[in-house]
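Colleague: output the structure for:
(chains A, B, C and D)
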Amino acid sequence: MSDLFEYTLRLGDDALIAAQRTAEWIAAAPQLEEDVALGNIGLDQLGQARSLLQYAGQVEGVGRSEDDLAYFRNERDFRNLQLCELPSGDFAHTIARLLYFATYQHLLYEELRMSSDETLAGVAGKAVKEVAYHVDHATQWVLRLGDGTEESHRRMQSGLDAMWPYTAEMFASDDLVRRLAGIAVDPSTFADEWSRRITQVIDESTCSRPESSYQHDGGRDGRHTEHLGYLLAELQHVARSHPGATW
Amino acid sequence: MSDLFEYTLRLGDDALIAAQRTAEWIAAAPQLEEDVALGNIGLDQLGQARSLLQYAGQVEGVGRSEDDLAYFRNERDFRNLQLCELPSGDFAHTIARLLYFATYQHLLYEELRMSSDETLAGVAGKAVKEVAYHVDHATQWVLRLGDGTEESHRRMQSGLDAMWPYTAEMFASDDLVRRLAGIAVDPSTFADEWSRRITQVIDESTCSRPESSYQHDGGRDGRHTEHLGYLLAELQHVARSHPGATW
Amino acid sequence: LAGMDSFQATIDADGRIEPRDAMPEGYRKTLIRQIAQHAHSEIIGMQPEANWISRAPSLRRKAILMAKVQDEAGHGLYLYAAAETLGVDRADLLDRLHSGKQKYSSIFNYPTLTWADIGAIGWLVDGAAIVNQVPLCRCSYGPYARAMVRVCKEESFHQRQGFEILYTLCNGTPGQKAMAQDALDRWWWPSLMMFGPPDAASTHSEQSMAWGIKRHSNDELRQRFVDMTVPQADVLGLRVPDDGLLYDEETGRYSFSEPDYEELYQVVKGNGPCNQQRLANRVKAHEDGAWVREAAAAYAEKQELKKEESAA
Amino acid sequence: LAGMDSFQATIDADGRIEPRDAMPEGYRKTLIRQIAQHAHSEIIGMQPEANWISRAPSLRRKAILMAKVQDEAGHGLYLYAAAETLGVDRADLLDRLHSGKQKYSSIFNYPTLTWADIGAIGWLVDGAAIVNQVPLCRCSYGPYARAMVRVCKEESFHQRQGFEILYTLCNGTPGQKAMAQDALDRWWWPSLMMFGPPDAASTHSEQSMAWGIKRHSNDELRQRFVDMTVPQADVLGLRVPDDGLLYDEETGRYSFSEPDYEELYQVVKGNGPCNQQRLANRVKAHEDGAWVREAAAAYAEKQELKKEESAA
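Modeller: Numbering: from 1, shown residues only, chains lettered A, B, ... in the order given. Presented below is the predicted three-dimensional model:
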């Protein structure tokens, strides 16, 4: 398996699984405007996933399409961060995850625009604008919920805390990223900047930045939480039920 | 499709889908004894499903096994009552469904023991003892919850009410059952007895028997609720992900 | 009274009534009821389709479906805004939906059982909606008419996407084709009933016609829908489940069987397969979101206060 | 003091202490802690396996798995009952589990990621449990020893079923075989650590040995497990993920690499992949069930009252 294929899968799977979770809010959001906003965000994430998985398929060179990669891989072959697959929880949990993840994606895509791989650079160039909006949307909500009512403050804090143990995984560097120097972005390089940005938002929201805690990992090696299997069962069921069909 | 195949599927699918829902309680029941009891009930239901689906496959005569029928049919081909596929809800909802369903199964299997079809008669002879225990278990809980605390009374009533609109479907008679006279049991013949038994338990529990209401139907024709699709996605995902595999 | 004269003159001249214009109370009430019901239909209508987002069988279809359901939320927003120009507010209208005092289109009380239903809803349900709504683009009430122009444009896009889903299924595996036929079988009659009861039994219609809110009778629109849709079914190679369907060479129109309006009345009364589920889901989303809306309001108030303080 | 003399005499004669016999407080406390932890492990251990009941890939396997998880609930029941003979009650022990004051086996803090993990848990985890528990059938405390006889019988049945799952996978498609190898790769080291820290670092052991509660050292049991399991891996055609594994022809035993005990200590401390999830699920089931238990108690009291009244 080529490094570039593997790297592209990581980014594509992050976006795909994030989109699947975001979409769970559609028709269930706290207000109509939020159905629209989360719909937009989910669509952006799904769009990124499609570009990246399509490119991964090309890089791999054995004829797998974006759909082959999304619908016909098993759980252990998915390379997404565990953060993306966690259950959505309440609205504050979803917003906490979006803040963490979109800020990460933003820093990543900013760098990736300079990749020597033109396709990745192109995807990043489009995506960076999208995720800037995601960051902004999450930030606005963290402020509103953190500095809203007592209940919303409590829930916002709980969301920030619950997602926190899944954040260090985003910045793990490894040989693969180093071998792809110039093409891939080593996420450890922007861990401090991420932390600075997150801290600023959390401070302004009157919440507390979560204490350091046990940090989960494994997503990049296909070791996931028990939640991913259920997500994939739903995602893949129709496609798997009609092997060889076109939709 | 032969009448006998279709009829056997109905009973087998009822048991299979009921077992899948019952099993959701394992490791999540209100007390350990109930993990054991619901485990027993789920196992009985699953055992009935296996015997019936295996027989359905034989009757059909094209080589489908119990697993082919359980794992490789689509939603519209399932013939179970909608009652069986409804989400489990809280413990009182589960107990209300068990009371309704097991009492139905008990009356059905009692008759089916006299079927001129020896296999069905045999399955019924074994199953009737099992479901007698299910009825008893459900009855004990309806009494305890109905005549326990205020909260449990309210929840028990709510469970009885919520499942009620799915009960008339159990007693629907149709041409298929009539064509199979002597082999199949026409469930309309024991609707009154079912009603008498249920009413007695509900009365004793100090709950009120639900008022007649809109009654859902369609399960016998493969028209289900939107819940079945999700249940099947989970049930079938691993099997569908490895077509042709043996387990 | 000069205002009312001017109202009637505008109506007679097929002009537009705007929010600040005088209007009869009955006109206002009828419009509020109709626009609210229409808005409610958009947001309840998100559910049967959202039901398949997580399971859409290709990423392209998933994206199209997400965008579609999102459009419906957007339609809900325009329509509530149009209703608000008549002096009600969205929160009240939502309360009336949640308490069952206002209705939504009964079509959304049927379940989506397979992926093909997503095609059928786009093709038939959006198709019927367009037939119903195109005349509303010329409705006498300006804000409603303008909202409908935008809605109709998007609906016709959705209708083509629905048709395309079915077209792909009908040219796919036998299993896919059967799924498409099954969806048509289940959605055909409910779609015909989207035009309401037969003219003979229809109430309110006459006054709405006079006011320029309604422009064609239920049966007229139903006929238009059948004439438009049957040839499309032929293109798909699907059979419309009506033995009474007959093409009249001379008029170029189809005659068709009478839908079972008893079923329609039952579903309107609350006795459809999904009435309880749809309303319960909506109420749950609303109640689960209450703390979020309260937080947003509290935050806005605090910000306002800060602004005032810094201005003082 | 005559009682304590008799206690020591019974221990020395390898006899059984029964609930009504006198016993040192330390003995009682050690047993309560150990039996409770064992009971907790049974019920927490239901979760990683229950996770696959709904998705088991054949009905036969589903039935076997349901029965197995149900057996674990049963083991929990015997073991809590055995602990209760020492003067504690189940509700208190559960509270101690829920508040994190008492532990359960760390092995259950790893996730079950594929169906093959169900095979690996049966084969390796139950296998290790049996090696740990067989000596407990001769434990000096009667009720615990008798509970263990029953538990061990069922565990060895489960162990064979787990092996059989993997055997089928290893003789199946390449995808199935890879799934089996992956499961072994992930479960091997955690299973070795089920025997606890190396003897050099093990506390409590000496006194437990003297009391006849523990009969073999951690390292001794670990060795026994490796010697038993490696040949079974060979039968499956799977590779044990230890480059240091070496068979000694003379002794008939395997030498193997040291597990990463740092990981074990972390998981014991709460820093394993599923610690929070397992405990949260348990607490949720308990809290969600509170109204049910209260209702049962209230009902029983009412029935009691009625009986008294009718007797009066």
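Colleague: what are the ranges of the helices in the chain?
Modeller: Using chain A. A:3-23, A:32-60, A:66-71, A:82-85, A:91-112, A:118-146, A:150-163, A:175-179, A:191-204, A:227-241 (DSSP state H).
Colleague: oops, I was thinking of chain C
Modeller: Per DSSP H, chain C carries helices over the ranges C:2-12, C:25-44, C:46-50, C:59-84, C:90-98, C:116-120, C:126-133, C:142-170, C:174-192, C:205-210, C:218-236, C:261-268, C:275-288, C:290-311.
Colleague: related to what we said a few turns ago, now the helices of chain A as CSV including mean neighbour count?
Modeller: The C-beta positions use only the backbone N, C-alpha and C, and glycine is treated the same way. Listed next are these as CSV, based on neighbours: other C-beta atoms under 10 Å in any protein chain shown:
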stretch, mean neighbour count
helix A:3-23, 25
helix A:32-60, 22
helix A:66-71, 21
helix A:82-85, 25
helix A:91-112, 24
helix A:118-146, 20
helix A:150-163, 20
helix A:175-179, 14
helix A:191-204, 15
helix A:227-241, 22
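Colleague: adding distance to D:Ala210 and mean pLDDT, write those helices out as JSON lines.
Modeller: Compiled in JSON lines, these are given as follows (distance: least, C-beta to C-beta, whole Å; pLDDT from 0 to 100):
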{"stretch": "helix A:3-23", "distance to D:Ala210": "54", "mean pLDDT": "98"}
{"stretch": "helix A:32-60", "distance to D:Ala210": "62", "mean pLDDT": "98"}
{"stretch": "helix A:66-71", "distance to D:Ala210": "61", "mean pLDDT": "98"}
{"stretch": "helix A:82-85", "distance to D:Ala210": "46", "mean pLDDT": "98"}
{"stretch": "helix A:91-112", "distance to D:Ala210": "51", "mean pLDDT": "98"}
{"stretch": "helix A:118-146", "distance to D:Ala210": "58", "mean pLDDT": "98"}
{"stretch": "helix A:150-163", "distance to D:Ala210": "46", "mean pLDDT": "98"}
{"stretch": "helix A:175-179", "distance to D:Ala210": "51", "mean pLDDT": "96"}
{"stretch": "helix A:191-204", "distance to D:Ala210": "53", "mean pLDDT": "98"}
{"stretch": "helix A:227-241", "distance to D:Ala210": "46", "mean pLDDT": "98"}
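Colleague: which one of the helices of chain C is the most hemmed in?
Modeller: Highest mean neighbour count among the helices of chain C (mean count of other C-beta atoms under 10 Å in any protein chain shown): helix C:116-120, with a mean of 27.
Colleague: dump it to PDB, restricted to CA.
Modeller: Extracted as PDB, the C-alpha positions of helix C:116-120 are listed here (Å, rounded to 0.1, in the frame of the first residue of the first chain):
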ATOM      1  CA  ALA C 116     -36.300   3.600  -4.000                       C
ATOM      2  CA  ASP C 117     -38.800   5.500  -1.900                       C
ATOM      3  CA  ILE C 118     -36.400   8.400  -2.100                       C
ATOM      4  CA  GLY C 119     -36.700   8.300  -5.800                       C
ATOM      5  CA  ALA C 120     -40.500   8.000  -5.600                       C
END
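Colleague: which residues sit against it?
Modeller: Helix C:116-120 has contacts (C-beta atoms under 8 Å, 6 or more residues apart in numbering or on different chains) with C:48-49, C:52, C:56, C:61, C:65, C:111-112, C:162-166, C:169, C:176, C:179-180, C:182-184, C:186-187.
Colleague: that older thread, distance to B:Ala96 for the helices of chain A - can I get that in TSV?
Modeller: As requested, the helices of chain A are arranged in TSV below (distance: least, C-beta to C-beta, whole Å):
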stretch	distance to B:Ala96
helix A:3-23	33
helix A:32-60	34
helix A:66-71	38
helix A:82-85	34
helix A:91-112	32
helix A:118-146	38
helix A:150-163	33
helix A:175-179	54
helix A:191-204	46
helix A:227-241	26
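Colleague: and the lowest-mean-pLDDT helix or strand in chain C, what does it pack against?
Modeller: Sorting the helices and strands of chain C by mean pLDDT, DSSP states H and E puts helix C:205-210 at the bottom, at a mean of 84. With contacts taken as 3 or more C-beta pairs under 8 Å, 6 or more residues apart in numbering or on different chains; DSSP states H and E, helix C:205-210 sits against helix C:25-44.
Colleague: touching chain B at all, the helix it packs on?
Modeller: No. Helix C:25-44 does not reach chain B (C-beta under 8 Å from any C-beta of the partner chain); its nearest approach is 13.9 Å.
Colleague: go on, stretch A:18-32?
Modeller: No. Between stretch A:18-32 and chain B, judged by C-beta under 8 Å from any C-beta, nothing touches; the nearest distance is 12.5 Å.
Colleague: any idea how far the residue nearest to A:Ile95 when sequence neighbours are not counted is from A:Arg21?
Modeller: Closest residue in space to A:Ile95, ignoring its immediate chain neighbours: A:Trp141 at 4.5 Å, by C-beta to C-beta, 6 or more residues apart in numbering or on different chains. Using C-beta to C-beta, to the nearest Å, we find A:Trp141 at a distance of 16 Å from A:Arg21.
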